[in-house]
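Novice: everything below, folded, please.
(2 chains)
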Amino acid sequence: MIFCFGLSHATAPVELRERVAVSAKETPLAVQELTALEGVREAVVLSTCNRMEIYAAAESPGAPAQVEAWLRRRFEITDTSPFFRHQQEDAARHLFSVVSGLESMVLGETEIFGQVKDAYAAAHQAGGTARVLNKLFQHSFRVGKIVRNTTDIQRGSTSVGSVAVELAEKIFGDLKDSRVMLLGAGEMSRRCAQSLQSRGARGIVVSNRSHDRAIELAAEMSGHAIHFEQWPAEAAQVDVIISSTAAPHTVIHPDQILPAMRRRRGRPLFIIDIAVPRDVEPAVNDIEGVYLYDIDALEAIAGETRARREQEIVRCRQIIDTQVESLVRSQAGAAPSDTLPQAQ
Amino acid sequence: MTPEKAALVVATVLFLGGFVHAFLSLRRGAYHHSWTAFGLIAAGFLCQSLFLYWRGQALGRCPITNPFELLTFTAWSMVLFYFVVGSAYRLSLLGAFTAPLAFLMQLAALMKPDTAPAAGKGSPGWWTELHATLSLMAYGAFALAFVAGVMFLLQDRLLKKHTGMILVRTLPPVHHLARAMKRLILTGTIILTAGIAAAYQMETRPAAHKLFVVWGVWAAYVLLLGYEQWRGMSSRRAAWAAAGCFVLAVASLWFVTPR
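Specialist: Numbering: from 1, shown residues only, chains lettered A, B, ... in the order given. Alright, predicted model coming up:
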């Protein structure tokens, strides 16, 4: 039989998740301890910041109780009620959902696919997997790919930072040669700039009314600081301006951007205004080659993507159900203890 | 229907199929999943090539002897540039916009009477053939620049209005489209320059009014490039100018083609 024990961000608070977390270094030992339990033949331990799950193949009905007892001992916990339990095809269905990103905090995120692959590889290397779990996990990776390629569950961006990156790539293509200027030294603009940096943007310029704060942030982001009065002159040299000053009025006007655009010779300029009240006069968007997005516009795009992903859940579940049936059918010819009968 | 004509009809249907498939995929926001539209355009291009090869063999010269053949050759050049530029700039969606134009040009060609000269009449001279071939290839590049310009205008509008994110995600980046459009105009202008130069080597120089029209098209594109290079021009204006120049180029075909 196959079964799964676990908890996630949906069932347990972070304190408990921290307590039962298994580091990559500890994973082989945990797998060996689990497979040494009476009746447990194979085991995979998946531990991320949002979940800890144990998948096991067993030859006796008492094996789940053995694993539960191991959990209590290993992590010194008395209450295992936050742990969910799935058996047989429900366990397979759950794994397929996890791999597809349906159980993730950010619906449809792709990082979990790699994390499951790593967990499986670690268990395999530790000698914790054999025929049953090998087949189950290999199948789950196929399901993850099918879901990703045939639905929109992973399409688009769901956060302000990732929307900004997506738009920047739709304006410039490659961000490798792009330069970014931060107006204001707020946390949100810093995160937004980091997202752009992670995709290859370079040459961060920071301008703030408090020059000391600008120097501090520039040092943190390997960029350079300029005085606030200098930003209009610098605008011709950068591709993205992220503005988040605390000014009660607009600080970027068309008459400051127009001369910069003339010097840019047709190269576009992307302006992200994440300040409230807004920093950029809306008329700036009317200048040819300038693309202005304020916080509401970015949030609207992120919200639209989240809604679209929610709508895709039904299609994903249908694919997963079909794949579980396919797995059950393919197991039909296997030895009785390896099969995946209907969950009770 | 002769096999060569049948090949052209098949090419026309394939371009229509490529356009319909791309349109439906775009509506679903799933264009990136499919190679079907590319395959249909590639198959249409092969059929066009087959037609031009057979017709060239029959005539013993480059098959650009009447409006029917001229339109086919120009459409073929445009699709050829699409394969070169589309892969170089990763502009796979360019095909979705190239297909309808190729379909319309092919349809217009099929509606023209096919009054080919008798087989074996022979070449009108090397320079004449070179002049006509280069000029039509330049028009193919201008047609594709027009397509890239239309795509740029659409993507620019969507990004400005903060709308249609599904289409925004599918269309190529505005900067890439602007660059592809400008390079296609430059390529077309260089080829047209060579084509005009070839006209001055012909044994019998073309009629003055024809040369005047071709020089007019050449001047329009050179002005566009010059203004963009020396004075700086926004990509949006360049796209509109490219569209205007292309309309001029298409209209010029009426004056310069044999009827």
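Novice: show me what from chain A comes close to chain B.
Specialist: For chain A, the residues in contact with chain B (CB under 8 Å from any CB of the partner chain) are A:149-150, A:152, A:155-156, A:166-167, A:169-173, A:261-262, A:265-268, A:285, A:288-289, A:291, A:293, A:297, A:300-301, A:304-305. In this view, the C-beta of every residue, glycine as well, is placed from N, C-alpha and C.
Novice: buried subset of the residues you listed, written for PyMOL?
Specialist: Selecting only the buried entries of the residues of chain A next to chain B in PyMOL, with 16 or more other CB atoms under 10 Å in any protein chain shown as the criterion:
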select buried, chain A and resi 152+155+156+166+167+169+170+171+172+173+261+266+267+268+285+289+291+293+297+300+301+304+305
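Novice: and the longest helix anywhere in chain B, does that touch chain A?
Specialist: Secondary structure of chain B per DSSP state H: the longest helix is helix B:126-161. Yes - Helix B:126-161 is in contact with chain A by CB under 8 Å from any CB, via B:155, B:159-160.
Novice: how about stretch B:183-200?
Specialist: No - residues of stretch B:183-200 are not located near chain A by CB under 8 Å from any CB, the shortest gap being 13.1 Å.
Novice: can I get that stretch in PDB, CA atoms only?
Specialist: Only the C-alpha atoms of stretch B:183-200 are listed here, as PDB (Å, rounded to 0.1, in the frame of the first residue of the first chain):
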ATOM      1  CA  ARG B 183      16.400  46.600 -39.900                       C
ATOM      2  CA  LEU B 184      14.000  45.200 -42.400                       C
ATOM      3  CA  ILE B 185      13.500  48.700 -43.900                       C
ATOM      4  CA  LEU B 186      17.300  49.100 -44.000                       C
ATOM      5  CA  THR B 187      17.700  45.700 -45.700                       C
ATOM      6  CA  GLY B 188      14.900  46.400 -48.200                       C
ATOM      7  CA  THR B 189      16.300  49.800 -49.000                       C
ATOM      8  CA  ILE B 190      19.800  48.300 -49.700                       C
ATOM      9  CA  ILE B 191      18.300  45.600 -51.900                       C
ATOM     10  CA  LEU B 192      16.100  48.200 -53.700                       C
ATOM     11  CA  THR B 193      19.200  50.400 -54.300                       C
ATOM     12  CA  ALA B 194      21.000  47.400 -55.900                       C
ATOM     13  CA  GLY B 195      17.800  46.700 -58.000                       C
ATOM     14  CA  ILE B 196      17.700  50.300 -59.300                       C
ATOM     15  CA  ALA B 197      21.400  50.300 -60.000                       C
ATOM     16  CA  ALA B 198      20.800  47.100 -62.100                       C
ATOM     17  CA  ALA B 199      18.100  48.900 -64.100                       C
ATOM     18  CA  TYR B 200      20.800  51.400 -65.400                       C
END
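Novice: and the contacts of the strand or helix carrying residue A:257?
Specialist: Using DSSP states H and E, residue A:257 maps to helix A:254-264. With CB atoms under 8 Å, 6 or more residues apart in numbering or on different chains as the test, helix A:254-264 has contacts from A:232, A:235-236, A:269, A:271, A:281, A:283-284, A:286-290, B:232, B:234.
Novice: list just the nearest of those to residue A:72.
Specialist: Residue A:72 lies nearest to residue A:271 out of these, by CB to CB, at 56.0 Å.
Novice: list the contacts for that closest one?
Specialist: By CB under 8 Å, 6+ apart, the residues touching residue A:271 are A:240-241, A:243, A:252, A:257, A:280, A:284, A:290-293.
Novice: try it again at 10 Å.
Specialist: A:181, A:183, A:235, A:240-243, A:252, A:257, A:279-280, A:284-285, A:287, A:290-294 (CB atoms under 10 Å, 6 or more residues apart in numbering or on different chains).
Novice: gap between it and residue A:260?
Specialist: Distance of residue A:271 to residue A:260, computed by CB to CB, to the nearest Å: 11 Å.
Novice: how much space separates the residue nearest to residue A:191 when sequence neighbours are not counted from residue A:152?
Specialist: Closest residue in space to residue A:191, ignoring its immediate chain neighbours: residue A:161 at 5.5 Å, by CB to CB, 6 or more residues apart in numbering or on different chains. Separation of residue A:161 from residue A:152 (CB to CB): 20 Å.
Novice: repeat for residue A:229
Specialist: Distance, residue A:229 to residue A:152, by CB to CB: 46 Å.
Novice: for residue A:226, same thing?
Specialist: Taken as CB to CB, the span from residue A:226 to residue A:152 is 42 Å.
Novice: find me the pLDDT at the residue of chain B positioned farthest from its centre, would you?
Specialist: Going by CA atoms, centre = their mean, the residue of chain B most distant from its centre is residue B:162, 31.2 Å out. What the model reports as pLDDT for residue B:162 is 93.
Novice: ok, it - contacts?
Specialist: A:167, A:285, A:291-294, A:296-298, A:300-301, B:168.
Novice: looking at these, which is nearest residue B:59?
Specialist: Of these, the one sitting nearest to residue B:59 (CB to CB) turns out to be residue B:168, at 47.1 Å.
Novice: helices along the stretch 151-300 of chain A, start to end?
Specialist: A:160-172, A:187-198, A:211-220, A:231-234, A:254-264, A:295-331 (DSSP state H, counting those that start in this stretch).
Novice: that older thread, ok, of the contacts of residue B:162, which one's closest to residue A:130?
Specialist: residue A:301 (46.6 Å).
Novice: ok, now how distant is that closest one from residue A:95?
Specialist: Distance, residue A:301 to residue A:95, by CB to CB: 32 Å.
Novice: check residue A:39 too.
Specialist: For residue A:39 relative to residue A:95 (CB to CB), the value is 21 Å.
Novice: higher neighbour count, these two?
Specialist: residue A:95 (28 against 16; other CB atoms under 10 Å in any protein chain shown).
Novice: how near is the more buried one to residue A:74?
Specialist: 22 Å.
Novice: how about residue A:82?
Specialist: On the measure of CB to CB, residue A:82 and residue A:74 end up 16 Å apart.
Novice: what's the answer for residue A:5, then?
Specialist: 12 Å.
Novice: equivalent analysis for residue B:39, please.
Specialist: Taken as CB to CB, the span from residue B:39 to residue A:74 is 56 Å.
Novice: ditto for residue A:96
Specialist: From residue A:96 over to residue A:74 the distance is 27 Å, taken as CB to CB.
Novice: and those two? which has more neighbours close in?
Specialist: residue A:96 (28 against 14).
Novice: in which helix or strand does that one reside?
Specialist: helix A:88-99.
Novice: now do that helix, average pLDDT.
Specialist: The predicted model gives helix A:88-99 an average pLDDT of 95.
Novice: before we move on, what about stretch A:233-240?
Specialist: Averaging pLDDT along stretch A:233-240 yields 93.
Novice: dump it to CSV, restricted to CA.
Specialist: Listed next in CSV are the C-alpha coordinates belonging to stretch A:233-240 (Å, rounded to 0.1, in the frame of the first residue of the first chain):
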residue,chain,number,x,y,z
ALA,A,233,19.4,64.4,-16.1
GLU,A,234,19.9,60.7,-15.3
ALA,A,235,16.5,59.6,-16.8
ALA,A,236,17.9,59.5,-20.3
GLN,A,237,20.5,56.9,-19.2
VAL,A,238,18.1,54.4,-17.5
ASP,A,239,15.4,52.1,-18.9
VAL,A,240,13.3,51.6,-15.8
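Novice: any buried residues in it, and which?
Specialist: So for stretch A:233-240, counting by 16+ other CB under 10 Å, buried means A:235-236, A:238-240.
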